[in-house]
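Participant: Let's see this in three dimensions:
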Amino acid sequence: MSLNVANCDRCGKIYMKNNYGLCPNCIREMEKQYETCLNYLRENRACSIQELSDATEVPVKQIVKFIREGRISIKNNPNMTYECDVCGAQIREHNMCEACRSRLTKEARNLAEDEQRKKQLAEQEKHASFLIKDRLQDRTK
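Facilitator: All right, here's what the predicted structure looks like:
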């Protein structure tokens, strides 16, 4: 029998497990931060993410989390960008910039091609081994 309790990811307190991974107090605090950000953005559409953070005292990391979760839309906020997870370039959608996504796709494709070549080489070696074995058997007859 397992207990249905866990430690809050944010503050470390013990709480009854939920889908957020946070205790009720931290959930309330996060919702307050979210509302504060929304209210500020309604009045200041041209702000940057750093300006939003400075004005609301909500960490940039939390604001980016709201954006990535789809809770805050930056479509109508032209100066709102956040960093690519890989290279740090400023982006407005996804987790990676186009250059990093392209490089990752290319690397994955190259890896798949390498694996395919290894399989083909192994098949050729196996086939060659059978041919040599057959020829040796023919000579011994």
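Participant: Please count neighbours and contacts with C-alpha atoms only from this point.
Facilitator: Fine.
Participant: Confirm that residue 51 lies within a helix, as I assumed.
Facilitator: Yes - under the criterion used here (DSSP: H, G, I helix; E, B strand; the rest coil), residue 51 sits inside a helix.
Participant: In contact with it: list those residues for me.
Facilitator: Applying C-alpha atoms under 8 Å, 6 or more residues apart in numbering, one finds that residue 51 lies in contact with no residue.
Participant: Just want the phi and psi numbers for residue 75.
Facilitator: In terms of degrees, to the nearest 10, the main-chain angles of residue 75 are phi -60, psi -40.
Participant: actually residue 59, sorry about that
Facilitator: phi -60, psi 140.
Participant: is it true that it touches residue 53?
Facilitator: Yes - with contact defined as C-alpha atoms under 8 Å, residue 59 counts as touching residue 53 (5.7 Å).
Participant: Report the buried residues of the stretch of helix or strand residue 40 belongs to.
Facilitator: Assigned by DSSP states H and E, residue 40 belongs to helix 24-43. For helix 24-43, burial by neighbour count (16 or more other C-alpha atoms under 10 Å) applies to 26, 30, 33-34, 36-38, 41.
Participant: From the contact counts, what lies against it?
Facilitator: The helices and strands touching helix 24-43, judged by 3 or more C-alpha pairs under 8 Å, 6 or more residues apart in numbering; DSSP states H and E, are helix 49-56, helix 60-68.
Participant: As a markdown table, those helices with distance to residue 14 and mean pLDDT would be great.
Facilitator: What follows is the helices and strands packed on helix 24-43, written out as a markdown table (distance: least, C-alpha to C-alpha, whole Å; pLDDT from 0 to 100):
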| stretch | distance to residue 14 | mean pLDDT |
| --- | --- | --- |
| helix 49-56 | 28 | 97 |
| helix 60-68 | 22 | 95 |
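Participant: To residue 114, which of those lies closest?
Facilitator: Between residue 114 and the helices and strands packed on helix 24-43, the shortest gap by C-alpha to C-alpha is with helix 60-68, which sits at 33.9 Å.
Participant: Sort out which residues of the closest one are buried, please.
Facilitator: By neighbour count on 16+ other C-alpha under 10 Å, the buried set for helix 60-68 is 60, 63-64, 66-68.
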